[in-house]
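# Build me a model from this:
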Amino acid sequence: MELAERFWDAAVAVDSGAKRTGDRRYGSPSALSDLWTAAGFANVETTALVIPMEFTSFEDLWRILSNAQGPPKLYISSLSEDRRMILQERLRTDIIGNRPDGSITLRAKAWAVRGIVPAG
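Numbering: from 1, shown residues only. Next up is the predicted model:
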């Protein structure tokens, strides 16, 4: 997910102790295909489902990111107000650069997997 990647890139850039979290073992088509094949499925296929995530502004993005469940919220909550502002400004710069704040579209990706249960 582009938002998670951008968030953790910014966190690591401002805090050398920041640790990327989340289970990435099955975050690639080949890992999912291997998992399904190992489970006994045949003719396994993976497809990326890309969904646009639209935000009205950076503040909208930050509000959602810092209030959603999951590792980013836990990390943000662990920071002092000063450190939180440093992270927020780094992420803002990484996402919108020097352009005026406005709508932002990032991509979310999920992997769809299908396979056939062999007859037998």
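# I am assuming R90 contacts A10, so please confirm or correct that.
Yes. R90 is within contact range of A10, at 4.4 Å (criterion: CB atoms under 8 Å). From N, CA and C alone the C-beta is placed, and that goes for glycine too.
# helix/strand/coil for L106?
strand (DSSP: H, G, I helix; E, B strand; the rest coil).
# in the sheet, who's paired with it?
M53 (DSSP bridges).
# can you pull the pLDDT of it?
pLDDT for L106: 94.
# Distance check, it against M53.
L106 is 5 Å from M53, where distance means CB to CB, to the nearest Å.
# if we can go back for a sec, R90 and A10: which is more packed in?
Neighbour count, other CB atoms under 10 Å: between R90 and A10, A10 has more, with 21 against 16.
# I'd like the distance between that one and G17.
Distance of A10 to G17, given as CB to CB: 14 Å.
# What's the mean pLDDT across whichever helix in the chain runs longest?
When the chain is parsed with DSSP state H, its longest helix is helix 81-96. Helix 81-96 comes out with an average pLDDT of 95.
# List the buried residues in that helix.
84, 86-88, 90-92, 95 (16 or more other CB atoms under 10 Å).
# Please give the centre-to-centre distance between it and its chain.
Centroid separation for helix 81-96 versus its chain: 17 Å, with CA atoms, centre = their mean, to the nearest Å.
# Show me what that helix is packed up against.
helix 2-14, helix 58-67, strand 104-116 (3 or more CB pairs under 8 Å, 6 or more residues apart in numbering; DSSP states H and E).
# can you tell which of these is closest to A31?
When those are compared by CB to CB, strand 104-116 sits nearest A31, at 9.0 Å.
# If you count contacts, what does the strand or helix carrying N43 end up packed against?
Using DSSP states H and E, N43 maps to strand 42-55. When contacts are defined as 3+ CB pairs under 8 Å, 6+ apart, strand 42-55 packs onto helix 29-38, strand 104-116.
# Understood, closing this out.
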